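> Fold the following.
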Amino acid sequence: MNVYHGIDTFQPLSYAVVTSGTFDGVHLGHQKILNRLTEIARANKGQTVVLTYWPHPRTVVSNDSLDLKLLSTLDEKIELLEKAGVDNLVVIPFTRSFSELTSAEFIQQILIDRIGTKKLVIGYDHRFGRHREGGFDYIRSHAHEYGFEVEEIPRQDIDAVGVSSSKIRGALLEGALRTATQFLGRPYSLTGTIVKGRQLGRTIGYPTANIQVDDPVKLIPANGVYAVDVIYRDQLLKGAMNIGTRPTVAGINRTIEVYIFDFNLDIYGEHLTVHLRHYLRPELKFNGLPELVEQMKMDVEQAKLLLQ
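Residues are numbered from 1 along each chain as shown. The predicted structure follows:
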């Protein structure tokens, strides 16, 4: 996949099949659009082009979205779109000035002049241009002027999937991991650097790796205990992870700690990716360390069974 950070270096294609959107999470609804994009491009010996935006437009144009957390970082989104088979990805810096482009300016300057769009594929509710003024009806009514076709993924096709990025965010924040996994079409993941914590786990027989998530915009799921797959240096490992404040030991700050099964290497400063496979239970406050350790034993055994 060719990745362009900005539109200026993109050379117009002979047959570009284009879609546009934030694609946060690249979930099943997005994948439906991407599959159709690929189908059209292959039938016409063309190339697919995905236009996406960073930072998320809501963080620029909405005053109430400063704390918006996302399902995918920019690097994760790039990786997911590549796995989806996209030929060309254009990451457009979303600025206040860019948000002021009218729909006509967006179509002429971006879709026609820079990309050479021959077919545009969009979801039924996708809008673009200043104040979200442009959409399927607008383009269809001006198709004779623009020289490209537009196809809308019907509402019933998207609704049949029943998924949106906001629904997935809500599910993760409520501990509804199974729903989030179903909507994403894969387990939700977190990537971060291993940092030193209080090292209490070592003293009770469960040394944990404290993960500091690399990008502050990444959504952290609900507090609780999870069974997880762990990717370390391309190795697939298994573990149990806790997200929370550790109330039993008078914790204050929220942490992400993963106990990796059958693993005892010193990996401070290195990177881990965890894939959340099962939600085991909410975080609880126990009456002292012995009770906590007993529960951790049960959590680990349950996680091992589920991850088989």
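> residue ranges with poor pLDDT in the chain?
63-66, 124-125, 127, 131-136, 155-162, 198-205 (pLDDT under 70).
> Contacts made by the longest helix belonging to the chain with the rest, please.
Using DSSP state H, we find that the single longest helix of the chain is helix 289-307. Helix 289-307 is contacted by residues 204-206, 225-229, 238-240, 248-249, 259, 261, 277-278, 280-281, 284, 286 when judged by C-beta atoms under 8 Å, 6 or more residues apart in numbering. No exception for glycine: its C-beta is placed from N, CA and C like everyone else's.
> one more time with 7 Å
With contacts defined as C-beta atoms under 7 Å, 6 or more residues apart in numbering, helix 289-307 is touched by 204, 206, 225, 227, 238, 240, 248, 259, 261, 277-278, 280, 286.
> Make sure residue 126 is indeed in a helix.
No: assessed with DSSP: H, G, I helix; E, B strand; the rest coil, residue 126 is coil; it does not lie in a helix.
> how does the chain divide into domains?
Domain assignment for the chain, taken from automatic domain parsing, gives 2-166, 187-307.
> ranges for the strands of the chain?
2-5, 16-20, 47-54, 88-93, 117-123, 149-153, 188-195, 209-213, 224-232, 235-244, 255-260, 271-281 (DSSP state E).
> Now these in a markdown table, please, with extra columns for mean neighbour count and distance to residue 75.
Listed next are the strands of the chain as a markdown table, based on neighbours: other C-beta atoms under 10 Å; distance: least, C-beta to C-beta, whole Å:
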| stretch | mean neighbour count | distance to residue 75 |
| --- | --- | --- |
| strand 2-5 | 14 | 11 |
| strand 16-20 | 25 | 20 |
| strand 47-54 | 23 | 10 |
| strand 88-93 | 18 | 11 |
| strand 117-123 | 22 | 24 |
| strand 149-153 | 18 | 27 |
| strand 188-195 | 18 | 8 |
| strand 209-213 | 19 | 12 |
| strand 224-232 | 21 | 14 |
| strand 235-244 | 19 | 20 |
| strand 255-260 | 21 | 18 |
| strand 271-281 | 18 | 11 |
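> between those, which one is nearest to residue 76?
Residue 76 lies closest to strand 188-195 among the strands of the chain, at 7.4 Å (C-beta to C-beta).
> related to what we said a few turns ago, can you lay out the domains of the chain as JSON lines showing distance to residue 179?
Converted to JSON lines, the domains of the chain look like this (distance: least, C-beta to C-beta, whole Å):
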{"stretch": "domain 2-166", "distance to residue 179": "10"}
{"stretch": "domain 187-307", "distance to residue 179": "10"}
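> Those: which one's closest to residue 176?
Closest approach to residue 176 among the domains of the chain (C-beta to C-beta): domain 187-307, 7.8 Å.
> Compute the first-to-last residue distance for the closest one.
With C-alpha to C-alpha, to the nearest Å applied, domain 187-307 spans 13 Å between its terminal residues.
> Can you give the distance of that domain from its chain's centre?
21 Å (C-alpha atoms, centre = their mean, to the nearest Å).
> rewinding a little: with residue 174 as the reference, name the closest of the domains of the chain.
Between residue 174 and the domains of the chain, the tightest spacing by C-beta to C-beta is seen for domain 187-307, at 6.2 Å.
> List the contacts of residue 52.
By C-beta under 7 Å, 6+ apart, residue 52 lies in contact with 21, 22, 23, 77, 89, 91.
> ok, 8 Å please
Residues near residue 52 by C-beta under 8 Å, 6+ apart: 20, 21, 22, 23, 77, 81, 89, 90, 91, 92.
> Also residue 74?
54, 91, 215.
> now it: how far from residue 189?
Using C-beta to C-beta, to the nearest Å, residue 74 is found at 15 Å from residue 189.
> and what of residue 232?
Applying C-beta to C-beta to residue 232 and residue 189 gives a distance of 13 Å.
> can you check residue 113 too?
Applying C-beta to C-beta to residue 113 and residue 189 gives a distance of 37 Å.
> same question, residue 39
Residue 39 is 28 Å from residue 189, by C-beta to C-beta.
> Also residue 196?
From residue 196 to residue 189 the distance is 23 Å (C-beta to C-beta).
> nearest residue to residue 261 other than its sequence neighbours?
Spatial nearest neighbour of residue 261, chain neighbours left out: residue 238 (4.9 Å); criterion: C-beta to C-beta, 6 or more residues apart in numbering.
> Next up, the contacts around the one you found.
The contact partners of residue 238, taken as C-beta under 8 Å, 6+ apart, are 227, 228, 229, 230, 260, 261, 303, 304, 307.
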